[in-house]
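1. with the input below, show me the fold.
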Amino acid sequence: MSRRGVAMVGPDVTDAELARLHAGGVRAVRYNFVRHLGGAPDYATIERMAARIAPLGWHLVLHLDAEDLVEHDAFLRRLAIPFVIDHMGRVEAGHGLGQPPFRRLLALMELPHAWVKVSGAERVSTALGDYSDALPYAATLVVAAPDRVLWGTDWPHPNVRVMPDDGALVDLVPLIAPDAALRRKLLVDNPARLYGFS
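-> From the prediction side, this is the model:
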């Protein structure tokens, strides 16, 4: 069985270790910008790592707070390799589709190498239980960039106040992508292409 992974590595990771990780199925490096996880890493560090992993065909996974989408917009636009914005940019459902962070996320999705993960409905939602207020955000992103959206449950749900019901999260998928062709892109074709599954 082929597996794929995303790694968190230090700037001193060797090329040999990156090659070993690649052989083991790793295809991306993740960086946290989220304040309670330490805040934004150094831009130059990320850009150097991006240059190192580009020959491997890897991408970046970026975990940001909603306001970071505005604050770090120029940096995100400078990135030369594919990058994935995790958890829909952690926008807050209660602030509406017109909120500046979500508008900025949609603008980023116009870049041909920008991807977004429509996971973390429980992090976006303020309607605990069914997460229905997160649906418009996910559905809008799927329509905006149907070939560059991914889905996941975020299991085992680290750093949450209330443990979500994974069944309820899975039940959102046909609501996020009601069209069967869109669902296949979200769940099969897009991740296969980004992570190099045959």
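
2. please enumerate the strands of the chain.
-> 5-7, 26-32, 59-63, 83-85, 114-117, 149-150 (DSSP state E).

3. indicate which one of these is closest to Arg48.
-> Set against Arg48 and scored by CB to CB, these come closest in strand 26-32, at 11.1 Å. Backbone N, C-alpha and C define where each C-beta goes, glycine included.

4. how about the nearest residue to the residue positioned nearest the centre of the chain, chain neighbours excluded?
-> The C-alpha lying nearest the average C-alpha coordinate of the chain belongs to Asp86 (CA atoms, centre = their mean; 2.4 Å). Spatial nearest neighbour of Asp86, chain neighbours left out: His63 (4.5 Å); criterion: CB to CB, 6 or more residues apart in numbering.

5. count of neighbours near Pro146?
-> 16 (other CB atoms under 10 Å).

6. surely it touches Arg183?
-> No. With contact defined as CB atoms under 8 Å, Pro146 does not reach Arg183; the gap is 10.4 Å.

7. who does Val61 bridge with?
-> Beta-bridge pairing for Val61 (DSSP bridges): Arg30, Val84.

8. so what's it up against?
-> Each residue near Val61 by CB atoms under 8 Å, 6 or more residues apart in numbering is listed here: Val6, Ala28, Val29, Arg30, Tyr31, Phe83, Val84, Asp86, Lys117.

9. cutoff 6 Å now
-> Contacts for Val61 (CB atoms under 6 Å, 6 or more residues apart in numbering) come out as Val6, Ala28, Arg30, Val84, Asp86.

10. right, and the third one touches Val6 too?
-> Yes. Under the criterion of CB atoms under 6 Å, Arg30 makes contact with Val6 at 5.0 Å.

11. run through the helices of this structure in chain order.
-> All helices of the chain, identified by DSSP state H, fall at 15-23, 43-53, 68-71, 73-78, 100-108, 121-124, 135-144, 166-171, 173-176, 180-184, 190-195.

12. list the contacts of the fourth one.
-> Put plainly, it is helix 73-78. Here helix 73-78 makes contact (CB under 6 Å, 6+ apart) with Tyr43, Arg104.
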